[in-house]
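A.B. asks: only geometry, no sequence info:
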């Protein structure tokens with residue numbers, strides 16, 4: 001039984017997959033365009049994806065309070081946000097928490113000192129479009145033209161280096 005615990009822990013650190021078990025990055029065809037959406041932020045503001053399309057590189061980060069790998073990824077996302085904010089990059093964090101765990105979102109945001117926008121998708125309308133398998137964490141990277149250039153399921157320590165390099169490349173391609 002002792003050997004099984006480290007294996008189980010490594011699986012949990014990678015992703016909280018609720019759909020078919022898949023991890024890693026994929027690059028959709030260059031014609032895949034991001035669908036516009038409107039969600040309420042944790043502060044109660046209305047946020048539209050189209051506000052950023054055409055001017056910023058956008059990272060959509062889908063997560064949930066019950067997902068340990070999501071929580072592990074948060075400091076890395078905050079560092080990326082701090083490095084590239086104001087350079088044509090926007091990070092929109094989308095909580096997939098439903099009514100039963102929505103109250104925990106603000107606690108998590110405070111615990112990790114997150115400064116990027118946290119959006120609430122209580123009825124999973126946006127999740128259904130971008131992340132129908134409801135994988136967590138799940139990231140979608142969108143270029144300035146509104147094309148989805150990469151999506152990724154899961155998180156392992158070090159993944160943020162590859163993500164930051166891709167963001168740097170897209171931000172530089174003005």
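C.D. replies: It's in. Please read these numbers as outputs of a predicted model, since none were measured by experiment. Numbering: from 1, shown residues only.
A.B. asks: return the helix or strand in this protein with minimum mean pLDDT.
C.D. replies: helix 4-14 (a mean of 40; mean pLDDT, DSSP states H and E).
A.B. asks: just the mean pLDDT for stretch 131-143, thanks.
C.D. replies: Across stretch 131-143, pLDDT averages out at 96.
A.B. asks: which residues touch that stretch?
C.D. replies: Contacts to stretch 131-143, defined as C-beta atoms under 8 Å, 6 or more residues apart in numbering, come from residues 15-20, 22, 34, 53, 57-64, 67, 69-70, 73, 96, 124, 127, 130, 148-155, 163, 166-167, 170, 173. (C-beta placed from N, C-alpha, C; glycine too.)
A.B. asks: those in strands, which ones?
C.D. replies: In this view, the contacts of stretch 131-143 that belong to strands under DSSP state E are 57-63, 148-153.
A.B. asks: just give me the longest helix of the chain.
C.D. replies: helix 68-84 (DSSP state H).
A.B. asks: pull out the buried positions in it.
C.D. replies: 69, 70, 71, 72, 73, 74, 76, 77, 78, 80, 81, 84 (16 or more other C-beta atoms under 10 Å).
A.B. asks: so what's the residue nearest the centre of the chain up against?
C.D. replies: In the chain, the C-alpha nearest the mean C-alpha coordinate belongs to residue 61, at 1.0 Å (C-alpha atoms, centre = their mean). Contacts for residue 61 were tallied using C-beta under 8 Å, 6+ apart; they are 73, 77, 91, 92, 93, 94, 137, 138, 139.
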